[in-house]
Each structure stands twice: as structure tokens, then as C-alpha cells.
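**Q** Here is a sequence with its predicted model. Questions after.
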Amino acid sequence: MSETTKKKKVLVEVKNLKKHFPIKSGLLQRTTGWVKAVDDISFHIYEGESLGLVGESGCGKTTAGRTILRLIEPTSGSVLFDGTDVATLPKNELKELRQEMQIIFQDPYSSLDPRMPIGESIAEGLRIHTNKTAEERYELVVQMLTRVGMRADHARRYPHEFSGGQRQRIGIARALAVNPKFIVCDEPVSALDVSIQASVLNLLEELQDEFGLTYLFIAHNLSVVEHFSDRVGVMYLGKMAEMATRGDLFQNPLHPYTQALMSAIPIPDPKQRKKRIILEGDVPSPINPPSGCRFHTRCPLAFARCKTEEPEFKDYGDDHYAACHLLDEGKSSKLPDLV
Amino acid sequence: MTTPASIQDLLREENQKEALKDEAPLSFWQIALIRIRRDKLTMAAIIVIGIILAASLLSTPINNALGVDPFDTDLLAQFEPPSAKHLLGADDLGQDQFARLIYAGRISLAIGFFSAFFILTIGITLGMVAAYFGGFVDDIIMWLINTLNSIPQLYLLLILGALFEITPPLLVIIFGFTAWPFTTRLVRGQVFSLREREYVMASTALGASNMYTIMKHILPNVIPTVIIVAARAVGNLMLAEAILSFIGFGVRPPTPTWGNMLTKSQQYVFEPDKYYLILPAGIMITITVLCVFIIGDGLRDALDPKLK
């Protein structure tokens, strides 16, 4: 293998992806505005890595994850999965491709059909994609269940008989049953107790090694992402603010927003006084996002150009992408410690 | 009231029965069946409805055996109180009330069940289609519903009653085509909320077709609502039939229905000695409607895996 191909293979490439939801109002249900949930984001995911995606509530992380899998039709842009454009693929080919990319949901209570024994839920993918007999499917379901740390006899029970952590494991088993390459983990541990979070995260890590999975790990908990991801992307109001390797991002955050986020991570040491950056105001509405750089309304370092011109999301060396005019102009983007 | 046994208990029992044999998991419907068998109230209602249905369906042979006929008039037997010959007495025309009651049951039940069947078929299909596909399709269906709703049903029935002679089959068709919007709205609303559940999205992510998702995930979760609606519909339609008879636009005598028997009896309300003309039809309507409601409740509980 040559040095260049050996480097890293891109499995998923997102190009200028947009998802705008129409707001309809009035008697004739005319479109009166757009919620720009995901507004022109581009990034790539290498094979075998887990890419963390963080951001505040409502910044478009979940929409981004679902649009990549085309569970929501994108407004524009493309998603290349192993060279195939998911965004424009005809239905029948998309169905085949769905085996390769799966999703694990945030809410373990609504992600399983309450009227279906969990074994059947897990077997669903096999039912759709293979001609296996009921016994063969059952065998695989048992395999999957034991792999995620559950018992074979759980297969015939209903979702309400399980705890949140167990349900999340069932959700993982369901995704895993079709043998995917890529899994979007949509805040898989946000709804769980801290003690259970760790076990589910460990399971995800084990599975990644075992099956060579690639993850897009969506979360709002930075500690979880730091533990779990190889690279991390930070989203703000439907835009990508920064993306870098985990070490780079946590040691040397370039974008002011990322710096503010980092300063909010709690440190489990009561004696250590931590400098925190407090951002003023709330996240603006994605309906009429601020002009120019979307962060300018809350950025302590904003200057004239930020209000008018949208910053470009570009590489500042070593695969460290950011979108900030300060960097573009070669100035320091480091925020002063306020507290 | 007895509660349905938990799935755990049922499975444990089933496991004991099957000993160590590795049996296939119990299906949804098998579990529901086992639970209904244990629900005494529902079973009682099912038995009562069963008896009423049997009596109604077998009214001709029963009447033949008793030597009475629902249409025979016998002025000598006018207002005869219950006796061995006329089990429930005879009315002003000397018609045997028992014969009429069980024959009327056939008509009333048929109107209730067949109209409900019509309503549910149209209502569920359109409701699911409207909600699942949304957009243009939804707009058209909602427009149809709003249009239908804006026509006062009573006037429609009066006009139809004036134009045609109301026979039971015609009544079923009229009920069927005018009463479905309520079910459609309800199902549509349910499906709208179900469609956004993550398990439906998970199914799509696994490559399931729309049809598969509708049949496997949406429909089973709409069923509890539908069962209650169905039970209410059967009851309400039988009552609607009675009301229509009351204002003179229902099925006309000599064809008896519980509704027109009740209507006819209202003139005797102040004559307690004619209780045999007043009570039976009303009691039959009440019992039947009540039993249908109870069965609906029992079915819903039996189909809910969450209830222990």
C-alpha cells in the first residue's frame, strides 16, 4: 500500500449540506420563513474513527445526523458514503445502502416499538434485507443480544420491561444486526444515569474495535465526547464552527465559541478555581440567524467584518478546521479569561 | 374488576407447559387471547353478546319452533300480557313481541355492526393515508372531511328519507358514508404523533418500505384507539338508528328494529301495565351497547403489553 492511501480513508464526506424547514402560516399555509437547522456544513469522517459532534441544544446536530442518513431529505448538498451520493440515490438503491449505515437514538423509551417484543425489533433489519427463516433470525437475535450483554430469553419480552440502559443496548443490537459500517450515535447516553453511561460507552467502544465501525457521535456532553471521539466537530446555529482532532481541540481551541464551551467543562476538584468564560445572551433563533458570522452577537472579540461577512470554514493546519475572521486575518482568537 | 395477567406470568405458565421444549415466542395475538380468557367481565360481556347474536341470527327457526311470526297480526290478542303463547305479550296489532324483539335484534345489530365496519374501513384507511403521506393527499382528505362536516347530517338524512324509503341496507350506507370523518380525524392525529416516534424512524433507517412501517409499527399502535372507536361506533349507531326512528325517518314498520319498537312504546309510558311493551327493546339496546363498550375496553387492555 502506498503512503497516501495508507494514510486514512474517508468513509463519509459531507459537502455543503443544508436542511431548511419551511415555516407555514396563514390560511393558505404559505411558507413564511425557513428554519435553517443545518446551513451549509462540510466535513468528512475517516473510516474506523469516531467523530464527535457537539453543540448546544437546537444547533442542528441531530438534524445533521439524520440528514446524513437521509432519514430527513436534505435541502441541498451531498453526502458521499464510500463514494456513493446518499442524498440523490434512488429509493431502491438507498434501501440496499441502509444496511451499511445505522443510527442509535437518544431516547431509549421511544426508540423501541412498545407493541413488539424486542427480539422482533432486532430482527427487523434481517427481515427486510435477508431471506433468513424465523429460526435463523432468532439465532442471530440471540447472538446480538448476548453480544450487547443481554440474555437470550430477553428476546420475547416487551420494551417496557427493560431499564433505559438495557433499552439502549437493545437499540444498539438492532443497529448492529444488519452489520453496518457506519453508525450515527445520536446522543446515545444523554438520557442515561451516569453509572450506566459508562457501560454503554464501553460497549460502543468494544463494538467499534470488534466490527471496525465508524461512528458519528452526537453529544452535548463534552466530557463524554473527550472520552469517546478521535476527532471533534463543534456546531453553532446550524454551522460548523470548528473541527479538529480531540487533543488539538481540547488543548488548543481556536474558535472563541469552542473556548467558551471548553471553559464550561466541570473539573472534579473542589479546590481548583477555574477560569470560566461566560457568554452573554442566548443562542439566536435559527429562523432569522444573525448576518455574517453567526456567533458575532455573543462573541467578545467580534469586529466589523464579523457582522457582514460569513467566515469560511477552512483548514488552519493539521486537519484543524475553523470558521473565524480573526484566524483568517492572522490575529489571536484567544478569549481573555473573564472570571 | 379482574385485571389481565402479566405477560411474565403467562410466559412462565407457558414455559412450564412446554417444559424444556424450545418453543417459538408467543405472538401478540396469542397473548391477547390468553388475557381475554382471564378477564371475567369481558368474557361475561362476550357471552351475553354471543347469546343476543345467536338469538337474533336464529330468530326465524326460534320463532318457527315457538309457533309465532314477527309479522302476523292478531287483533284478538291485542295488548295481551306475557303468556305461554306470547312470551313477551302482544302489541296494539296483536303482534307477538318476543318474535319481533329477536327479529328486530337482527336488523339493529346488523345496522350497528355493518355501519361500524364501513366507518372503520373508510376512517382508518383515509386517516392513515392522510397522516402518513401528508402534504397534498392530506389536504384533499381534510377538505373532504370539512366539506362533509359542514353539511348538517340531520338535514341530509331528512332529505334522503324524503327521497327514498329507508331500508336497513340504505341506512348502513348512509351511516357509513356520513360518519367516517370522526374516525379519520382521530386516526390521523394518532398517526401524526406515531410517525415522529423514533422507532418508526429506526424502521426507515433499516430500509423498511412505507407499507411495512405502516403495517408493522403504525397500525398495531393505532389499534387500541380504533377498538375504542369501534365499540363506541357500534353503540352509537344503534342509538342513532333509534333516534332516526323516533323522528320518523328510520326503518319503518312493519320491519321491526329495537329503535322503532322503542319509539312505538313511548305512547304507553304512562301505562305501567303495558311494561311488556315498554321495557324489552330499551333493555336490549342498553345491554347490547354496554356489552360492546365493555368488550372494547377489555380488548384494549388485553392488547396493551404495558398493563400488568
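**A** That came through fine. Numbering: from 1, shown residues only, chains lettered A, B, ... in the order given.
**Q** From here on, just use CA atoms for contacts and neighbour counts.
**A** OK.
**Q** Spatially central residue in the chain, please.
**A** Chain wasn't specified; assuming chain A. Centroid-nearest residue in chain A, with C-alpha atoms, centre = their mean: A:I218, separated by 2.9 Å.
**Q** my question was about chain B
**A** Mean-position check on chain B, C-alpha atoms, centre = their mean. Result B:V234 at 2.5 Å.
**Q** Hmm, that residue is touching B:F113, no?
**A** Yes: the pair B:V234 and B:F113 passes the contact test of C-alpha atoms under 8 Å, sitting 5.7 Å apart.
**Q** CA atoms of stretch B:123-143 as CSV?
**A** C-alpha atoms of stretch B:123-143 as CSV (Å, rounded to 0.1, in the frame of the first residue of the first chain):
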residue,chain,number,x,y,z
GLY,B,123,-61.9,6.1,8.5
ILE,B,124,-58.8,4.1,9.3
THR,B,125,-57.6,3.9,5.7
LEU,B,126,-58.1,7.6,5.0
GLY,B,127,-56.7,8.6,8.4
MET,B,128,-53.6,6.6,7.9
VAL,B,129,-53.1,7.7,4.4
ALA,B,130,-53.6,11.3,5.2
ALA,B,131,-51.2,11.4,8.1
TYR,B,132,-48.5,9.1,6.7
PHE,B,133,-48.2,10.8,3.3
GLY,B,134,-49.2,14.3,4.5
GLY,B,135,-49.0,17.2,2.1
PHE,B,136,-51.3,17.2,-0.9
VAL,B,137,-53.0,13.9,0.0
ASP,B,138,-53.7,15.1,3.5
ASP,B,139,-55.1,18.4,2.2
ILE,B,140,-57.5,16.6,-0.1
ILE,B,141,-58.8,14.3,2.6
MET,B,142,-59.1,17.1,5.1
TRP,B,143,-61.0,19.1,2.6
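**Q** anything in that stretch near chain A?
**A** No: applying C-alpha under 8 Å from any C-alpha of the partner chain, one finds stretch B:123-143 separated from chain A by no less than 10.6 Å.
**Q** Contact residues of chain B facing chain A?
**A** So chain B meets chain A at B:25-26, B:28, B:197-208, B:217, B:220-221, B:304-306 (C-alpha under 8 Å from any C-alpha).
**Q** ranges for the helices of the stretch 1-150 of chain B?
**A** According to DSSP state H, counting those that start in this stretch, the stretch 1-150 of chain B carries its helices in the segments B:7-18, B:28-38, B:40-57, B:59-66, B:97-133, B:135-150.
**Q** Single out the most deeply packed of those helices.
**A** Burial of these is given as mean neighbour count (mean count of other C-alpha atoms under 10 Å in any protein chain shown); helix B:97-133 ranks first at a mean of 23.
**Q** I'd like to know how many residues surround A:G238.
**A** 26 (other C-alpha atoms under 10 Å in any protein chain shown).
**Q** ok but A:V14 is inside a strand, no?
**A** Yes: counting by DSSP: H, G, I helix; E, B strand; the rest coil, one finds A:V14 located in a strand.
**Q** For it, name its beta-bridge partners.
**A** Beta bridges link A:V14 to A:F43, A:V79 when assigned by DSSP bridges.
**Q** what residues are up against it?
**A** Going by C-alpha atoms under 8 Å, 6 or more residues apart in numbering or on different chains, A:V14 touches A:41-44, A:68, A:77-80.
**Q** Kindly report the same for B:I218.
**A** So B:I218 contacts B:191, B:194-195, B:200 (C-alpha under 8 Å, 6+ apart).
**Q** For the residue nearest to A:R276 when sequence neighbours are not counted, report the pLDDT, please.
**A** Counting by C-alpha to C-alpha, 6 or more residues apart in numbering or on different chains, A:S263 is the residue found nearest to A:R276 once chain neighbours are left out, at 5.1 Å. You'll see A:S263 listed with a pLDDT of 83.
**Q** what's the neighbour count on A:S263?
**A** Using other C-alpha under 10 Å, A:S263 is surrounded by 15 other residues.
**Q** Assess the claim that B:A45 and B:D297 are in contact.
**A** No: between B:A45 and B:D297 there is no contact under C-alpha under 8 Å: 10.8 Å.
**Q** which SS state does whatever residue of the stretch 51-200 of chain A ends up closest to chain B fall under?
**A** Proximity of the stretch 51-200 of chain A to chain B (C-alpha to the nearest C-alpha) peaks at A:S111, 4.3 Å away. Secondary structure, three-state DSSP: A:S111 is coil.
**Q** Please list all residues in contact with it.
**A** With C-alpha under 8 Å, 6+ apart, A:S111 has these contacts: A:105, A:171, B:197-200, B:202.
**Q** CSV for those, including neighbour count?
**A** Shown next, in CSV, are these (neighbours: other C-alpha atoms under 10 Å in any protein chain shown):
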residue, neighbour count
A:F105, 25
A:G171, 26
B:R197, 19
B:E198, 20
B:Y199, 24
B:V200, 23
B:A202, 26
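**Q** A:K8: which of these is nearest?
**A** For the contacts of A:S111, the closest approach to A:K8 (C-alpha to C-alpha) belongs to A:F105, at 27.8 Å.
**Q** isn't the closest one right up against B:E198?
**A** Yes: counting by C-alpha under 8 Å, A:F105 does reach B:E198; the two are 7.1 Å apart.
**Q** A:V38 versus the closest residue to B:L88 other than its chain neighbours, what's the distance?
**A** With sequence-adjacent residues excluded and distances taken as C-alpha to C-alpha, 6+ apart, B:L88 is closest to B:P82, at 4.5 Å. Separation of B:P82 from A:V38 (C-alpha to C-alpha, to the nearest Å): 79 Å.
**Q** Nearest spatial neighbour of A:A152, chain-adjacent residues omitted?
**A** Nearest residue to A:A152 in three dimensions, chain neighbours excluded: A:V142, at 5.0 Å (C-alpha to C-alpha, 6+ apart).
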